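>>> just a sequence and a predicted model for now, questions to come.
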Amino acid sequence: MKKILMIILALSLSAAAIARTTYGGANWDFDLKQFENGDTETNTMKFQFTIINNSTFTAKVSDFRVVGYVRSTTRTASGFAYQANSNQGEVVNTSNTWQRGLAGSFVVSYSDGTEQNCGNSGGVDHYAKTKFTARYNGSESVEGGGYKVRLSSDTNSWFELRYSDWSNINKLDDYSSPQDSSLATTRDGTQHKYLRLEYSPDGGTTWIAICESTDTSGTTDTNSGVYPCNGVICASGDTATITPTITKTATPTITQTQTAGDTATITPTSTITPTSTITPTSTITPTSTITLTPTPITTRQITPPPAYKTPVIYKTPIAYKTPIRYPYQ
């Protein structure tokens, strides 16, 4: 039993050491870079970012989503809204040559959370409270090998966050504030941990946080998005899932030493081999068929009594002669 536990522990430690996001035998080498365009509006926050597909396969843009956090001391999630910007993006190859435009937009949803103070960086007090999730609603794809999904201009934005009543926003106390001074000001962007990238392998049912790769070789982006506060995705060990099934197979080795009057010494050695066991479950539903065999009914024939013959008419009785008298009478 101890040996089994040690095998499982070793597998778990191996998973924790893996930084590259791997799923279904494929390496998910995606990268998210954020930038800001010097937005001066007081009642909106404009988000600009680039998604790079360094994997070996083509991905749908709608299978990515970007996750961030904002904070209000007076509002819950229902007090936030957003502005969607359509026809703002494009797909380019590794030479930044235009491949196609993106006609859709990012749809944003909000959910409430517990407020957390994650410290000051880049001139921003990074408070995380309300979570926002932005997912593209179009049908376009982005090829692998370093192709990018980016805005078609440095001044465009994917979406703008705001309060429902359009009142002014304090942009310097939001966890994912685009006003962080460490952000780049062009579409080349910068690695930034306050905005997170997720990908879905099944069209939106399952979402997996990406330990980002900065190139097609899987070099880890150490500034991949994090969970508040400082829950670094690449160090959390959740980028690989290993679920072993252990089946014990004992192989005894018998050594016998015997002298006169001595006894045999048997030393069994058990070897535990981890294997994957698949147990099919079959359900058999019996079907009973009842066949009725009719039993013929036998009718007894009643034979009428025979007809009696005509009665015999006896002849006239014979008249006997006068009796003879004997002499001695």
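Arrived safely.

>>> so Ala26 makes contact with Ala59?
No: using Cβ atoms under 8 Å, Ala26 makes no contact with Ala59, being 10.5 Å away. Glycine gets a C-beta too; all of them are placed from N, C-alpha and C.

>>> so which of the two has more stuff around it?
Ala59 (21 against 13; other Cβ atoms under 10 Å).

>>> show me the beta-bridge partners of that one.
Ala59 forms beta bridges with Val142, as assigned by DSSP bridges.

>>> can I assume it is in contact with Gly145?
No: here Ala59 does not reach Gly145: they are 11.5 Å apart, not a contact under Cβ under 8 Å.

>>> what sits in contact with each of those two?
With contacts taken as Cβ atoms under 8 Å, 6 or more residues apart in numbering, the residues that reach both Ala59 and Gly145 are Asn53.

>>> which strands or helices does the top strand by length along the chain pack on?
Criterion DSSP state E: the longest strand present in the chain is strand 45-53. Strand 45-53 is packed against strand 30-35, strand 64-70, strand 147-151, strand 159-163, with contacts defined by 3 or more Cβ pairs under 8 Å, 6 or more residues apart in numbering; DSSP states H and E.

>>> if we go to 6 Å?
Strand 45-53 sits against strand 30-35, strand 147-151, strand 159-163, with contacts defined as 3 or more Cβ pairs under 6 Å, 6 or more residues apart in numbering; DSSP states H and E.

>>> with only the CA atoms kept, save it in CSV.
The C-alpha trace of strand 45-53 is given here as CSV (Å, rounded to 0.1, in the frame of the first residue of the first chain):
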residue,chain,number,x,y,z
MET,A,45,-12.0,51.5,-18.9
LYS,A,46,-10.9,50.4,-22.4
PHE,A,47,-9.3,46.9,-22.7
GLN,A,48,-6.7,46.2,-25.4
PHE,A,49,-4.9,42.9,-25.7
THR,A,50,-3.4,40.4,-28.2
ILE,A,51,-3.8,36.6,-28.2
ILE,A,52,-1.0,34.6,-29.9
ASN,A,53,-1.5,31.0,-30.9
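
>>> who does that strand pair up with?
Under the rule (DSSP bridges), strand 45-53 has strand 30-35 (antiparallel), strand 147-151 (antiparallel), strand 159-163 (antiparallel) as partners.

>>> of these, which is nearest Val91?
Distance to Val91, taken as Cβ to Cβ, is lowest for strand 147-151 among the strands paired with strand 45-53, at 5.8 Å.

>>> contacts for the closest one, please.
48, 50-53, 61, 88-89, 91-93, 142, 187 (Cβ atoms under 6 Å, 6 or more residues apart in numbering).

>>> for Arg187, which non-adjacent residue is closest in space?
Spatially, and ignoring its direct neighbours in sequence, Arg187 is nearest to Arg150 (5.0 Å; Cβ to Cβ, 6 or more residues apart in numbering).

>>> give me the neighbour count for that neighbour.
26.

>>> from here on, count from 58
Noted, 58 is the first residue going forward, which turns the last one into Arg207.

>>> distance of it from Asp259?
26 Å (Cβ to Cβ, to the nearest Å).

>>> same thing with Gly275?
23 Å.

>>> those two: which is more packed in?
More neighbours surround Gly275 than the other of Gly275 and Asp259, with 17 against 8 (other Cβ under 10 Å).

>>> ok, then the element right after the lowest-mean-pLDDT helix or strand in the chain?
The helix or strand of the chain with the poorest confidence is helix 59-74; it has a mean of 40 (mean pLDDT, DSSP states H and E). Per DSSP states H and E, helix 59-74 leads on to strand 79-80 as the next helix or strand towards the C-terminus.

>>> so what strands line up beside the very next helix or strand once past that next one?
On the C-terminal side of strand 79-80, the nearest following helix or strand under DSSP H and E is strand 83-84. Here strand 83-84 is paired, per DSSP bridges, with strand 79-80 (antiparallel).

>>> pLDDT (mean, whole number) over the partner strand?
Mean pLDDT, strand 79-80: 92.

>>> who's in contact with the helix or strand containing Thr190?
Per DSSP H and E, Thr190 falls inside strand 187-193. Applying Cβ under 6 Å, 6+ apart, the external contacts of strand 187-193 come out as 118-119, 122-127, 134, 161, 163-168, 170, 216.

>>> same deal with stretch 232-245?
By Cβ under 6 Å, 6+ apart, stretch 232-245 touches 91-93, 102, 104, 107, 125-126, 179-181, 183-185, 207-208, 211, 228, 247, 251-252, 285.

>>> do that again at 7 Å, thanks
91-95, 102-104, 107, 125-128, 175, 179-181, 183-185, 207-208, 211, 228-229, 247, 249, 251-252, 285 (Cβ atoms under 7 Å, 6 or more residues apart in numbering).

>>> what does stretch 251-266 give?
Contacts for stretch 251-266 (Cβ under 7 Å, 6+ apart): 80-81, 85, 87, 89, 91, 106, 108, 120-125, 183, 232-233, 237, 267, 269, 282, 290.
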